[in-house]
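1. when you get a sec, could you give me coordinates for this:
(2 chains)
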Amino acid sequence: DSGVTQTPKHLITATGQRVTLRCSPRSGDLSVYWYQQSLDQGLQFLIQYYNGEERAKGNILERFSAQQFPDLHSELNLSSLELGDSALYFCASNAGTPTDTQYFGPGTRLTVL
Amino acid sequence: QQPVQSPQAVILREGEDAVINCSSSKALYSVHWYRQKHGEAPVFLMILLKGGEQKGHEKISASFNEKKQQSSLYLTASQLSYSGTYFCGTDRANDYKLSFGAGTTVTVRA
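-> You can find the predicted model right below:
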């Protein structure tokens, strides 16, 4: 158990819908990272937050957005969902420097029908 | 730009050794290694930094050749628990954006 929690574990929804994935980092960690893992794209970095502020952006679509709240939990919002958005979404946390270990949560499996 | 991992897959018997390679066409600041078992989250194994510093588990060894922009992960005296998919993540600018390779699937058989 990494100490990072993610909810829900599974999510099944239809194309065109909007969903919110939630992540709580390990106690003491200020930084949260979001990743998407799909069969064809592999593990892709989406976005990073540090203490409430966006710090780095990767291959995140405009239909996706994220935020980190004052209590340090983070939410990833996915809208206008497409079949290709079906994937495992992982959240990871660390203290905030690039060379700190990132601890991954169990992931949310999103299925878009 | 994604690093290239090789081999794609390897099958070992318990006690055998294997090497997994991770190569980049661009200069790297650090290389991160993770192992993921089916249906689970990636688990940290090791970070190798430019300049030779390493942070990781004692039982896992790895190297980072800065001239070749290549890292290798050494699985020694493999155990059944070593089975899983190994990913390298590369950081080019010490900037938080890891690019992951496609993974190497390791199967250890009794």
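
2. could you use CA atoms for every contact and neighbour count after this?
-> Fine.

3. contacting residues for residue 87?
-> Chain wasn't specified; assuming chain A. Residues near A:A87 by C-alpha atoms under 8 Å, 6 or more residues apart in numbering or on different chains: A:36-39, A:109-111.

4. you answered for a different chain; I wanted chain B.
-> Counting by C-alpha under 8 Å, 6+ apart, B:F87 touches B:5, B:33-36, B:100-104.

5. would you point out the most distant pair within those residues?
-> Within those, B:Q5 and B:Q36 form the most distant pair, 14.9 Å apart (C-alpha to C-alpha).

6. ok, back up a step: which one of the contacts of B:F87 is nearest A:L78?
-> Proximity of those to A:L78 (C-alpha to C-alpha) peaks at B:F100, which lies at 22.2 Å.

7. not counting its neighbours along the chain, what's nearest that closest one?
-> Among residues not flanking B:F100 along the chain, B:G89 sits closest, at 4.2 Å (C-alpha to C-alpha, 6 or more residues apart in numbering or on different chains).

8. enumerate the residues of chain B near chain A.
-> Within chain B, the residues that sit near chain A (C-alpha under 8 Å from any C-alpha of the partner chain) are B:30, B:40-44, B:47, B:49, B:94-102.

9. rerun that using 7 Å as the cut-off
-> Selection of chain B residues close to chain A by C-alpha under 7 Å from any C-alpha of the partner chain yields B:40-44, B:94-100, B:102.

10. just the contacts of B:F87: which are in strands?
-> B:5, B:33-36, B:100, B:104 (DSSP state E).

11. which residues does the closest residue to chain A within chain B contact?
-> Chain A sits closest to B:Y96 of chain B, with a gap of 4.7 Å, by C-alpha to the nearest C-alpha. B:Y96 is in contact with A:56, A:98, counting by C-alpha atoms under 7 Å, 6 or more residues apart in numbering or on different chains.

12. help me confirm that it is found in a helix?
-> No - under DSSP: H, G, I helix; E, B strand; the rest coil, B:Y96 sits outside any helix and is assigned coil.

13. so who does the closest residue to B:S61 other than its chain neighbours touch?
-> Closest residue in space to B:S61, ignoring its immediate chain neighbours: B:Y74 at 5.4 Å, by C-alpha to C-alpha, 6+ apart. Residues near B:Y74 by C-alpha under 7 Å, 6+ apart: B:18-20, B:60-62.
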